[in-house]
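> Sequence below, structure please.
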Amino acid sequence: MAAAFKKAAKSGQRQHRERAQPASRKRLGILEKKKDYQLRADDYHKKQNVLQALRKKAQEKNPDEFYFKMARVQLQAGVHVIKQQEEEATLEQQKLMKTQDLKYIEMKRVAEVKKIERLKSELHLLDAEGKQPNKHTFFFDTKKEVQGFDVAAHLNTAPELVGRVYNRPTLPRLQKEAVQGANTAAQLRKLARQRKSQYHLLRQRIERERKMFVVAQKLQTRKDLLDKAQKVKLKKETVNQPAIYKFQFRRKR
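Modelled structure (predicted):
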């Protein structure tokens, strides 16, 4: 009887709710409840603990202590900047090393070397860029001769051939070979374009052969690493050279 009375009395009790924000303070937003305060207090204490730990770490830090990040971090205008590591291999090199065999790369490289030698034998590198220009000095007795000096007339050749450093024919030879006149300049321009195209092709083949040589070296290095266990890395791999290792010497029986 007492339990039933207690239950009935409890059901009639007034429901208590948390206090709402007064109407005069609605402009300040929702009134903070206790659970909101607990979250805010926990976040505040967590941040204070982190700051305290960092402050203690800074106070106890040894100024002579070394850590590896020092080797690639610089202080620029008060900001720590991490040096960008050099690229070990290009996408083209990675694709070749993953899909092709060492023998195939070496075979293609040898073919490129033969093509390069054939082009060099045809061109003789007469007009190669970067070559030191030849000098031809003329001597005169008076200043009047210097002022009236004509290079083409002195060399007895066409004006279009003055800048040519090789196979500069004279006017009689040009007349004999029937290349004088309006067609001479056109033919020279055509030959110059062809020669320039050949030199451009030669540069491309030399660069292609160099890249294949680097890929072959990297593949050979990976192959050598499979046979030998104990090694020390001296230089890391870059785009233009493979990694360099030093292997422990073993005396063979």
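
> Mind checking the pLDDT average for stretch 142-160?
What stretch 142-160 shows for mean pLDDT is 75.

> Oh, that last question was meant for stretch 52-72, not what I typed.
Stretch 52-72 carries an average pLDDT of 83.

> For it, which residues meet the burial criterion?
Neighbour-count burial for stretch 52-72 flags no residue at all (criterion: 16 or more other C-beta atoms under 10 Å). Any C-beta I mention is one placed from the backbone N, CA and C, and that applies to glycine too.

> Please state the offset of it from the chain centre?
33 Å (C-alpha atoms, centre = their mean, to the nearest Å).

> Report all helices and strands that the helix or strand hosting Lys47 contacts.
Assigned by DSSP states H and E, Lys47 belongs to helix 34-59. For helix 34-59, there is no helix or strand it packs on, judged by 3 or more C-beta pairs under 8 Å, 6 or more residues apart in numbering; DSSP states H and E.

> Report the next helix or strand after that helix in sequence order.
Next element after helix 34-59 (DSSP H and E): strand 73-76.

> And Gln187, how far from Ala8?
Look at Gln187 and Ala8: by C-beta to C-beta, to the nearest Å, they are 122 Å apart.

> Mind checking which of those two has more residues around it?
The neighbour count for Gln187 versus Ala8, taken as other C-beta atoms under 10 Å, is higher for Gln187 (12 against 9).

> so how far is Met212 from the more buried one?
37 Å.

> next one: Phe68
Counting by C-beta to C-beta - Phe68 and Met212 are separated by 35 Å.

> How about Leu234?
Plainly put, Leu234 is 24 Å away from Met212 if you go by C-beta to C-beta.

> Also Arg17?
Distance from Arg17 to Met212, counting by C-beta to C-beta: 81 Å.

> now do Ser121
The value you get for Ser121 to Met212, if C-beta to C-beta is used, is 21 Å.

> re earlier: looking at Arg17 and Met212, which is more packed in?
Shown here are Arg17 and Met212; by other C-beta under 10 Å, Met212 has more neighbours (22 against 6).

> any idea how far the helix or strand hosting the more buried one is from the chain center?
Assigned by DSSP H and E, Met212 belongs to helix 182-227. Averaging C-alpha positions (C-alpha atoms, centre = their mean) puts helix 182-227 21 Å from its chain's average.
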